[in-house]
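Participant: curious how this folds, go ahead:
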Amino acid sequence: MPTWNDSPPPTPSDFSYRLIRVPPTKLLHCVILCPKPTGTPTHFFKGHTMPCEGKECPACQEGLLWRWHAYLPCLCTPGHEKVILELTAQACDQLTAARNEYRTLRGLEILAERPSHRPNGRIRITVAPGLRPDALLPPCPDVPAIMLHIWGLDDTKLTSRPGKLGSNRITPAGQNGDDLIQNIGTMS
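Facilitator: The predicted model follows:
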């Protein structure tokens, strides 16, 4: 027998965030939802970005070097879509400076672009005080849980579930008009 309700049940973690990258030919404008970035070593392995799994990492076993990526929950403007923005370690230098100056990233506005207009070109960001009061922003999500879900990984063992890795793809830059992405995880 079905159970009828007047509203959806509460969820333990909001997985509605879309992972995006800075587009090659557009300026990305977002409001940051977290106090600090969350990052992890990653590999580009078998056509996907995936977290480094430490000693048992298949990409490490094949000799691939890891690269650190940050995953930043944001509210895209215009449209107010909740996204996770993926940034390189180099792009995070401005975030560190902004966090030192403002004590938190939450509520700050970020402009991100690729000056070379290439899909994997260097990212340049600018961070400035935002105009939205903190109380009007959505709460900061559980970024590691969202990223593990996107990557199709089991959060208790950090190992791939067969048939799941890459099933929740990152939206390529330039599609849907906005590209934001953020990574989460820890390396043991």
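Participant: need the contact list for Leu33.
Facilitator: Pro73, Cys74, Leu75, Lys82, Arg106, Leu137, Pro138, Pro139, Cys140, Pro141 (Cβ atoms under 8 Å, 6 or more residues apart in numbering). C-beta: built from backbone N, CA, C; applies to glycine.
Participant: against Pro133, how distant is the second one?
Facilitator: If I follow you right, that is Cys74. From Cys74 across to Pro133, the span is 17 Å (Cβ to Cβ, to the nearest Å).
Participant: so which of the two has more stuff around it?
Facilitator: Cys74 (28 against 8; other Cβ atoms under 10 Å).
Participant: could you find the closest non-adjacent residue to Arg118?
Facilitator: Ranked by Cβ to Cβ, 6 or more residues apart in numbering and with sequence neighbours excluded, the top spatial neighbour of Arg118 is Pro24, at 5.7 Å.
Participant: quick one, helices of this protein?
Facilitator: 58-61, 93-102, 143-151 (DSSP state H).
Participant: tell me which of those is the most buried.
Facilitator: When neighbours are counted by mean count of other Cβ atoms under 10 Å, the highest per-stretch mean among these falls to helix 143-151, a mean of 22.
Participant: related to what we said a few turns ago, next, count neighbours for the residue nearest to Arg118.
Facilitator: 17.
Participant: who does Gly39 bridge with?
Facilitator: In this structure, Gly39 bridges to Ala70 when assessed by DSSP bridges.
Participant: ok, Ala112 next?
Facilitator: On the basis of DSSP bridges, Ala112 is bridged to Leu28, Ile125.
Participant: ok, now which ones touch it?
Facilitator: Val22, Leu27, Leu28, Cys30, Leu85, Leu87, Ala91, Ile123, Arg124, Ile125, Thr126.
Participant: give me the buried subset of those.
Facilitator: Using 16 or more other Cβ atoms under 10 Å as the burial test, these include Val22, Leu28, Cys30, Leu85, Leu87, Ala91, Ile123, Ile125 as buried.
Participant: all strands for this structure, in order.
Facilitator: 18-20, 28-32, 38-45, 48-51, 67-76, 82-88, 109-113, 124-128, 153-154, 159-160 (DSSP state E).
Participant: wait, which of these is closest to Cys60?
Facilitator: Closest to Cys60 of these is strand 38-45 (Cβ to Cβ; 7.5 Å).
Participant: about what we covered before: select, out of the strands of the chain, the one closest to Asn100.
Facilitator: Closest to Asn100 of the strands of the chain is strand 124-128 (Cβ to Cβ; 11.1 Å).
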